[in-house]
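Participant: Here is a sequence with its predicted model. Questions after.
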Amino acid sequence: MTTREARFINGEASGRLGERVKDTLISAGLTPNEADVYLALLGNGRSSASDIVNAVGMHRTSVYSTLARLESKGMVSSLLVDGMRRFVPVHPRKLHQNVVEQVVHIEQLLPSLERLHD
């Protein structure tokens, strides 16, 4: 994570904190690019794709495909403001809710998986 990216973590300038947050987001199911874009949006709020490209240093096409994946996961929404598409991060509690739902699904599958194992 670059110094520029690190500043998006609640205003912290610590790259170490940024790496820990990014790693946690990845372990919660986001890709590295998704984590970078989501963190940039959290730090900047409503942003254009160009704003995100400048913030994370990814190619524009990568940013758009990453935003599409985040939208499909319910982590980002988009809206038109003065004819320009802007992207908005959902509250971080949504990520927590997604992880809890995954745990519930795994717990429901566990008996079947255990039978296959035995």
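Facilitator: Yes, it's here.

Participant: all contacts plus neighbour counts: C-alpha atoms, from now on.
Facilitator: Noted.

Participant: List the buried residues for the one helix or strand residue 18 maps to?
Facilitator: Per DSSP states H and E: residue 18 is located in helix 15-27. Residues 15, 18-19, 21-22, 25-26 are the ones in helix 15-27 that count as buried (16 or more other C-alpha atoms under 10 Å).

Participant: Same check on stretch 59-70?
Facilitator: Buried residues in stretch 59-70 (16+ other C-alpha under 10 Å): 63-64, 66-70.

Participant: still on that earlier bit, specify the angle between whichever helix or strand comes after the helix holding residue 18 and helix 15-27 in degrees.
Facilitator: The helix or strand immediately downstream of helix 15-27 is helix 32-44, counting by DSSP H and E. Angle of helix 32-44 versus helix 15-27, following axes from the mean of the first three to the mean of the last three C-alpha atoms, to 10 degrees, is 120 degrees.

Participant: what's downstream of helix 32-44, the next helix or strand?
Facilitator: helix 49-56.

Participant: Now do the contacts for the residue lying closest to residue 22 once chain neighbours are set aside.
Facilitator: With sequence-adjacent residues excluded and distances taken as C-alpha to C-alpha, 6 or more residues apart in numbering, residue 22 is closest to residue 35, at 5.9 Å. Neighbouring residues of residue 35 by C-alpha atoms under 8 Å, 6 or more residues apart in numbering: 22, 25-26.

Participant: Also residue 110?
Facilitator: Going by C-alpha under 8 Å, 6+ apart, residue 110 touches no other residue.

Participant: Mind listing what's buried along the helix or strand harbouring it?
Facilitator: Assigning secondary structure by DSSP H and E places residue 110 in helix 92-117. For helix 92-117, burial by neighbour count (16+ other C-alpha under 10 Å) applies to 95, 98.
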